[in-house]
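Enquirer: just the structure for this:
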Amino acid sequence: MQKYQLSLFIFQNDLRVKDNLALQAASDNSEKLICCYCFDQSLTRYGRYGIASLGKHRLNFLMDSLESLRAELEKRGQQLLILRGSFEKEVTRAISELGADAVFVSEQQGVYERRHLDLVKKRFPFLSLFETPNNTLFSEDELPFLLTDLPTTFSQFRKQVEPLKDSYLLTDIKSLAPTPKNFKAAPARLSKSSTTHQMYRGGELAALSHLKNYFSEDYASDYKQTRNALDDFQSSTKFSPWLALGCMSARQVMSALRSYEQQHEANESTYWISFELLWREFFFWYAKKHGAKLFAFKGLSTKSPKTSFYPERFQKWCSGNTPFPIVNACMKQLNATGYMSNRGRQLVASCFVHELGLDWRYGAAYFEHQLIDYDVSSNWGNWQYLAGVGADPRGHRRFNLEKQTAQYDPEGEFIKRWGGNIKTLPIDSVDAADWPVKHDEN
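Expert: Below you'll find the predicted structure:
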């Protein structure tokens, strides 16, 4: 490949320097390089179904991650240019004003992110634009099937990709192509939102520190037995927030896991970590294949789910004020921290769809707002799965909340800790004709 005089590298959900294959490609093939990130402030105000996409927990984690990225770039002679505004407008302006003759990005799976890049391509038809596989274990070319033939279920997908090699040569970029002479990225104020609880520190250094610490202990050997705990930091890997923003790569996690297995042991629990990395992989390709169907009410189904939208029920679910204590505790934990366990997510989603009869897309949008590990494909793909309009061969997943409570919170400690066992009135205050429902106060 020829070396371009001036290239623009656009960070998105790949906020790291180590094992960043797209950044490596940009540096290797550019005489001069400018690194940027586009922060669309409208995401903190507007979003799907009236719910802002970027809530305070996600925002704080993102700001941490960008500050960490800026520092890592400076160590390698680079800067981070923060663009503020819509992707199409600000990236188009940057290309024009900087005179870039090439743009490098990581491959994206989201339909809207891909549309943004398509608009840039149309605006600059002679611009070289390179998309590098960077956030998955395998590239599309390495998959044993065409994307159009992606297996319809995870089990079928897993059986076909597990035989593929999963040992990787990880890269560490020691230096980067320089910025143009006299270029100086104006310091951008990356203000965080006020919050009383922050479980995670964003950024590449925090990600790699956690990865090292996790595998320095024996947590991985017991993972399958502990992963369903509702409120214990060490019970699950907690890699997902950093994976979501690309502060570390799935390749780095898999490499660390294989090293652990070689030095300690490989058992059913360590296998389960790779199993769940493959779930993440499946949903990436699922989102890329199905595009806008990821957000459709019918999903991949030919029939609409039998749910509706009840504003009062939705608000009570969001605030943790339902007749179901385990759901209340999980939602209050989410609102306070931006975190919820995998088991909790399944329970509150099942309640949302089946007990409350709500449109699953509103629940997915609320998770998008709150979860610090929000990933477009995993979030919306999992909600489709629970709602019975996605990749679940059984059609739907309905959990018995009393049974689940007895199994995962038998002493009621989690419910008590998060105030889930509050006295609540019935979920509806009006009936189908909008008449007030009379409640027995005794």
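Enquirer: which residues does Leu137 contact?
Expert: 166, 250-251, 254, 277-278, 281 (Cβ atoms under 8 Å, 6 or more residues apart in numbering). Yep, even glycine has a C-beta here, placed from its N, CA and C like the rest.
Enquirer: can you tell me the SS state at it?
Expert: Leu137 falls in the coil class when you classify it by DSSP: H, G, I helix; E, B strand; the rest coil.
Enquirer: now it: how far from Pro305?
Expert: Distance from Leu137 to Pro305, counting by Cβ to Cβ, to the nearest Å: 32 Å.
Enquirer: hang on, the earlier thing: ok, which pair from the contacts of Leu137 is furthest apart?
Expert: Arg251 and Leu278 (13.1 Å; Cβ to Cβ).
Enquirer: for stretch 164-171, the distance to its chain's centre please.
Expert: 22 Å (Cα atoms, centre = their mean, to the nearest Å).
Enquirer: outside of that stretch, which residues touch it?
Expert: By Cβ under 8 Å, 6+ apart, the residues outside stretch 164-171 that reach it are 18-21, 24, 137-138, 142, 144, 251-252, 254-255, 258, 274.
Enquirer: in it, what's buried?
Expert: Buried residues in stretch 164-171, counted by 16 or more other Cβ atoms under 10 Å: Asp166.
Enquirer: quote the end-to-end distance of it.
Expert: The first and final residues of stretch 164-171 sit 20 Å from each other (Cα to Cα, to the nearest Å).
Enquirer: could you do stretch 124-133 as well?
Expert: For stretch 124-133, the first-to-last residue distance is 22 Å (Cα to Cα).
Enquirer: run the chain-centre distance for the helix or strand where Phe282 lies.
Expert: In this assignment (DSSP states H and E), Phe282 forms part of helix 268-290. Centroid separation for helix 268-290 versus its chain: 13 Å, with Cα atoms, centre = their mean.
Enquirer: next structured bit after it?
Expert: helix 311-319.
Enquirer: could you list every helix and strand in contact with that next one?
Expert: For helix 311-319, the elements it packs on are helix 325-337, helix 360-370, judged by 3 or more Cβ pairs under 8 Å, 6 or more residues apart in numbering; DSSP states H and E.
Enquirer: quick check: mean pLDDT across that helix?
Expert: If you average the pLDDT over helix 311-319, you get 94.
Enquirer: from the rest of the structure, what touches that helix?
Expert: The contact list for helix 311-319 (Cβ under 8 Å, 6+ apart) reads 321-322, 327, 331-332, 335, 348, 351-352, 356-358, 362-363, 366, 424, 427-430.
Enquirer: out of these, which end up buried?
Expert: Among these, those scoring as buried are 321-322, 327, 331-332, 335, 348, 351-352, 356, 358, 362-363, 366, 427 (criterion: 16+ other Cβ under 10 Å).
Enquirer: where is pLDDT lowest across those residues?
Expert: Minimum pLDDT across the buried ones among the contacts of helix 311-319 falls on Ile427, with 81.
Enquirer: and the gap between that one and Phe324?
Expert: Relative to Phe324, Ile427 is positioned 9 Å away (Cβ to Cβ).
Enquirer: about what we covered before: buried set for the helix holding Phe282?
Expert: 269-270, 272-274, 276-288, 290.
Enquirer: and what of stretch 35-42?
Expert: 35-40.
Enquirer: about what we covered before: among the helices and strands packed on helix 311-319, which is nearest Ile95?
Expert: helix 360-370 (28.9 Å).
Enquirer: please tell me how far the most centrally placed residue in the chain sits from Arg361.
Expert: Centroid-nearest residue in the chain, with Cα atoms, centre = their mean: Asp375, separated by 1.9 Å. Distance, Asp375 to Arg361, using Cβ to Cβ: 17 Å.
Enquirer: do the same with Arg114
Expert: From Arg114 across to Arg361, the span is 20 Å (Cβ to Cβ).
Enquirer: repeat that for Asp64.
Expert: With distances taken as Cβ to Cβ, Asp64 is found 29 Å from Arg361.
Enquirer: show the pLDDT at Ser235.
Expert: 87.
Enquirer: once you drop chain neighbours, what's closest to it?
Expert: Excluding the flanking residues, the one nearest Ser235 by Cβ to Cβ, 6 or more residues apart in numbering is Ala229, at 3.6 Å.
Enquirer: helices of the stretch 151-300 of the chain, residue ranges please.
Expert: Under the criterion DSSP state H, counting those that start in this stretch, the stretch 151-300 of the chain contains helices at 154-161, 204-216, 223-226, 240-244, 250-263, 268-290.
Enquirer: ok, of these, where does mean pLDDT dip lowest?
Expert: Among these, helix 223-226 scores lowest, at a mean of 93.
Enquirer: output that helix as PDB, restricted to C-alpha atoms.
Expert: Output of helix 223-226 as PDB, limited to C-alpha atoms (Å, rounded to 0.1, in the frame of the first residue of the first chain):
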ATOM      1  CA  TYR A 223     -16.100 -18.600  36.900                       C
ATOM      2  CA  LYS A 224     -19.000 -20.900  35.800                       C
ATOM      3  CA  GLN A 225     -20.000 -21.400  39.500                       C
ATOM      4  CA  THR A 226     -19.900 -17.700  40.400                       C
END
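Enquirer: what's in contact with it?
Expert: Contacts of helix 223-226 (Cβ under 8 Å, 6+ apart): 219, 232, 234-237, 268-270, 272-273.
Enquirer: closest one to Asn182 out of these, please.
Expert: Of the contacts of helix 223-226, the one sitting nearest to Asn182 (Cβ to Cβ) turns out to be Thr237, at 45.0 Å.
Enquirer: count the residues that sit near the closest one.
Expert: 21 (other Cβ atoms under 10 Å).
Enquirer: list the contacts for it?
Expert: Contacts for Thr237 were tallied using Cβ under 8 Å, 6+ apart; they are 214, 219-220, 223, 253, 273.
Enquirer: please repeat the previous calculation with a cut-off of 10 Å.
Expert: Going by Cβ atoms under 10 Å, 6 or more residues apart in numbering, Thr237 touches 210-211, 214-215, 219-220, 223, 227, 243, 253, 257, 272-273, 276-277.
Enquirer: list buried residues within those residues.
Expert: Among these, the ones that count as buried (16+ other Cβ under 10 Å) are 210-211, 214-215, 219-220, 223, 227, 243, 253, 257, 272-273, 276-277.
Enquirer: about what we covered before: leaving out the residues flanking it, which one is nearest to the residue nearest to the centre of the chain?
Expert: Nearest to Asp375 is Ala244, by Cβ to Cβ, 6+ apart, at 4.5 Å.
Enquirer: related to what we said a few turns ago, show me which of Arg114 and Arg361 is the more surrounded one.
Expert: More crowded of Arg114 and Arg361, by other Cβ under 10 Å: Arg361, with 22 against 16.
Enquirer: export the helices of the stretch 151-300 of the chain to TSV and tack on distance to Gly419?
Expert: Shown next, in TSV, are the helices of the stretch 151-300 of the chain (distance: least, Cβ to Cβ, whole Å):
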stretch	distance to Gly419
helix 154-161	35
helix 204-216	28
helix 223-226	24
helix 240-244	24
helix 250-263	34
helix 268-290	30
